[in-house]
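Chemist: what follows is a protein structure lacking sequence information:
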């Protein structure tokens, strides 16, 4: 199963017809996502589920059902948009609070046994080479942290390019 996380307006997403499969999980901004408060309740109080009660409290568990995560995000200074960043923060329950060394760095152990592939489509015109390199490094770090089997980053000047890649 695929999970598509995007920061597009609902009408943009619908117009682009970016839904590849009927069994894909679509995560979009419905205006109710709350910020992670760093309480670690998703590790201690309610393992795997965020203690903040909103439509995004089970992101970690949803990720465990996927083999691929596709992110569509505006590139903001070489990073994800605020909504996408918040989704990553709220999905920390995908991981355990314990550490393991990977590539000579300390990273959280994974809670679930599934293997993820991570594909990120950044859009925005006039991105500098520094922004693109920063974004690539960020995605590589996220892929390592989430134990992804592979990661891929592409940059698009407009949304039409993304539609062509996904179909």
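Modeler: Received, thanks. For clarity, every value in this text was computed on a predicted model and none was experimentally measured. Numbering: from 1, shown residues only.

Chemist: distance of the nearest residue to residue 133 once chain neighbours are set aside from residue 106?
Modeler: Using CB to CB, 6 or more residues apart in numbering and skipping the chain neighbours, the partner closest in space to residue 133 is residue 78 (7.4 Å). To be clear about C-beta, it is placed using only N, CA and C from the backbone, and glycine gets the same treatment. Between residue 78 and residue 106 the computed distance is 24 Å (CB to CB, to the nearest Å).

Chemist: again with residue 131
Modeler: Taken as CB to CB, the span from residue 131 to residue 106 is 28 Å.

Chemist: residues contacting the residue nearest to residue 133?
Modeler: 130-135, 138 (CB atoms under 8 Å, 6 or more residues apart in numbering).

Chemist: do residue 6 as well
Modeler: With CB under 8 Å, 6+ apart, residue 6 has these contacts: 13, 18, 26-28, 71-73, 84.

Chemist: go again with 10 Å.
Modeler: 12-13, 16, 18, 26-29, 70-74, 81, 83-84, 87, 121, 162 (CB atoms under 10 Å, 6 or more residues apart in numbering).

Chemist: would you indicate which residues of the longest helix seen in the chain are buried?
Modeler: If you go by DSSP state H, the chain has its longest helix at helix 129-145. Of the residues in helix 129-145, 131, 134-136, 138-139, 142-143, 145 count as buried by neighbour count, 16 or more other CB atoms under 10 Å.

Chemist: give me the contact list for that helix.
Modeler: Outside helix 129-145, the residues that reach it (CB under 10 Å, 6+ apart) are 69, 71, 73, 75-80, 85, 88, 92, 94-95, 102-103, 105, 107-108, 110, 116-120, 122, 124, 127-128, 148-153, 155.
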